[in-house]
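>>> mind folding the following:
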Amino acid sequence: MVDCGPAFSPDGHNLAFVRGVALHLSDLYLLPLAPTWAAAGAPKRLTAGNRYSTSPAWTRDGSSIIFAAGVYADLRPFRIAVHGNGEARRLELASNHTPCLAISRQGTLVYAQAVQNDHIWRATLSGPGVIDGAAKQFLASSRTEVNPQFSADGKRVVFASNRGGPSAIWIANADGTSPELLTSMQGSTTGGPNWSPDGSHIVFDSNKEGQWEVYSISAAGGAPRRLTNNPATDGVPSWSRDGAWIYFMSNRSGEPQVWKMPGGGGQPFQVTKQGGYVAVESPDARFVYYSKSSTGEAGLWKVPVDGGEETNVLPSVTLLNFAIANDGIYFIPRAEAPERYAIHFFAFASGKSRPIASLGGRLSYGLAVSPDGKILLYSRGEPIGSDLMLVDGVR
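The predicted structure follows:
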């Protein structure tokens, strides 16, 4: 739990702030203040709805708070009465992502209207760690596509996108044609998709219930089935190569670790003991490769599928950006300067890694190699653009 974004009321009697309960989940709270600025009571929760709320700003008379809310990458301005019924009203001011706003003492509202898109790119591999020619954009839209994953037969790709509104899971052909919406999770943030080995189902995570949980859905569509039910944060799932298990991250033991549960759901078992985040089983089903944090600062590690010594493989790997192939590992490590990221290849035979392509943009989420080792998909963040917008007379 994290408290941030404090904003004093005009009369100084209250403090509005943001309380984050999980990744991309937060609400506004109101704390009454004594004349000494000390807390004069317990904080009161103002918002609810299993979404991301941020950037509170008081109206001039102190009766309402305007704030940004929605899914993390697609925020809109809302207004809520401090002593009302707890319902927030959407302000039809912005058509794009609105992450930050402020109100002057004279009642002038200023907000940032941002354009931030991430797209999936496709590169051809002529051999292990060898890119042939320039990469091309795999899926074209005016919105965001991230975290691609190939089906085991290499014929389809699943990915996360907000091209249809809120973040959701989509499926397309391996050449990027015929994208189809698979999930609709009622305005939540949904992502982290992975195929079952037989291609019949997809696991993913969503904060639809107010916390991150793991779900499964038929690749043909239908209603998703919730696989985890714990007060902890559970997410970024992937299947074992034989389909018997689903690996996922959970902090139910007190800190993020890799766990696994039966492929159809059931009692989970802890896999790692020294920290774990995104986990993927090796093609030969001998090891589980995993990052240790959402930032990748602790690098990439591996552990035998049946448990044992946890061994460091790479000193650095970012976000969800690694893919295990038969001959090595494709990955994106930390960069020494912003927008200087590059895709690297670690060869199992030599035990050495080398850069194979510049990312050419912001860091994003997701890296995948086709089962035949001939195609590499990766997500790249396009340049961020924004405008400051001004509205007079906000009361």
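>>> next, count neighbours for the residue lying closest to S200 once chain neighbours are set aside.
Nearest residue to S200, sequence neighbours excluded (C-beta to C-beta, 6 or more residues apart in numbering): A219, at 5.9 Å. Quick note: C-beta positions are derived from backbone N, CA and C, even for glycine. A total of 17 residues lie near A219 under the criterion other C-beta atoms under 10 Å.
>>> kindly report the same for A337.
Counted with other C-beta under 10 Å, A337 comes out at 6.
>>> quick check: domain ranges of this protein?
By the assignment in automatic domain parsing, the chain contains the domains 2-115, 118-381.
>>> quick check: mean pLDDT of the shortest one?
When pLDDT is averaged over domain 2-115, the result is 86.
>>> now do it: distance to the chain's middle.
Between the centre of domain 2-115 and the centre of its host chain there is 23 Å, according to C-alpha atoms, centre = their mean, to the nearest Å.
>>> the chain should start at 784 in everything you say after this.
Yes, from this point I'll number from 784; that puts the last item at domain 785-898.
>>> P1154 touches D936, doesn't it?
Yes: counting by C-beta atoms under 8 Å, P1154 touches D936, with 7.1 Å between them.
>>> picking up where we left off before, would you tell me which of the domains of the chain gets closest to V1177?
Nearest of the domains of the chain to V1177, taken as C-beta to C-beta: domain 785-898 at 4.4 Å.
>>> quick one on the thing from earlier: OK, contacts around the residue nearest to S983?
By C-beta atoms under 8 Å, 6 or more residues apart in numbering, the contact list for A1002 reads S934, R939, V941, I954, L965, W978, G982, S983, H984, I985.
>>> could you do D1025 as well?
D1025 neighbours (C-beta under 8 Å, 6+ apart): P980, A1068.
>>> backbone dihedrals for E1093, please?
phi -90, psi 120 (degrees, to the nearest 10).
>>> name the nearest residue to it, sequence neighbours excluded.
That would be V1086: by C-beta to C-beta, 6+ apart, it lies 4.8 Å from E1093.
>>> for Y998, what are its contacts?
Going by C-beta under 8 Å, 6+ apart, Y998 touches V986, F987, D988, S989, P1007, R1008, R1009, L1010.
>>> repeat that for V1177.
The contact partners of V1177, taken as C-beta under 8 Å, 6+ apart, are T842, R843, I849, I886, G890, T891, L892.
>>> still on that earlier bit, what's the closest of the contacts of Y998 to E928?
For the contacts of Y998, the closest approach to E928 (C-beta to C-beta) belongs to F987, at 14.6 Å.
>>> most neighbours, which of the contacts of V1177?
I849 (24 neighbours).
>>> now that one: which helix or strand?
Assessed by DSSP states H and E, I849 sits inside strand 847-854.
>>> convert that strand to CSV, retaining C-alpha atoms only.
C-alpha atoms of strand 847-854 as CSV (Å, rounded to 0.1, in the frame of the first residue of the first chain):
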residue,chain,number,x,y,z
SER,A,847,-15.5,19.0,-4.9
ILE,A,848,-12.3,17.3,-6.1
ILE,A,849,-11.4,16.9,-9.8
PHE,A,850,-9.1,14.0,-10.5
ALA,A,851,-7.9,11.6,-13.3
ALA,A,852,-9.3,8.1,-13.3
GLY,A,853,-9.7,5.0,-15.4
VAL,A,854,-7.3,2.3,-16.6
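>>> and that strand, what does it pack onto?
Other helices and strands packing on strand 847-854, by 3 or more C-beta pairs under 8 Å, 6 or more residues apart in numbering; DSSP states H and E, are strand 835-841, strand 857-864, strand 884-886.
>>> can you put the contacts of A1002 in a markdown table and add distance to S1162 and secondary structure?
Supplementary listing: the contacts of A1002 in a markdown table, determined by distance: C-beta to C-beta, whole Å; DSSP: H, G, I helix; E, B strand; the rest coil:
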| residue | distance to S1162 | secondary structure |
| --- | --- | --- |
| S934 | 18 | coil |
| R939 | 17 | strand |
| V941 | 13 | strand |
| I954 | 16 | strand |
| L965 | 18 | coil |
| W978 | 17 | strand |
| G982 | 22 | coil |
| S983 | 25 | coil |
| H984 | 23 | strand |
| I985 | 18 | strand |
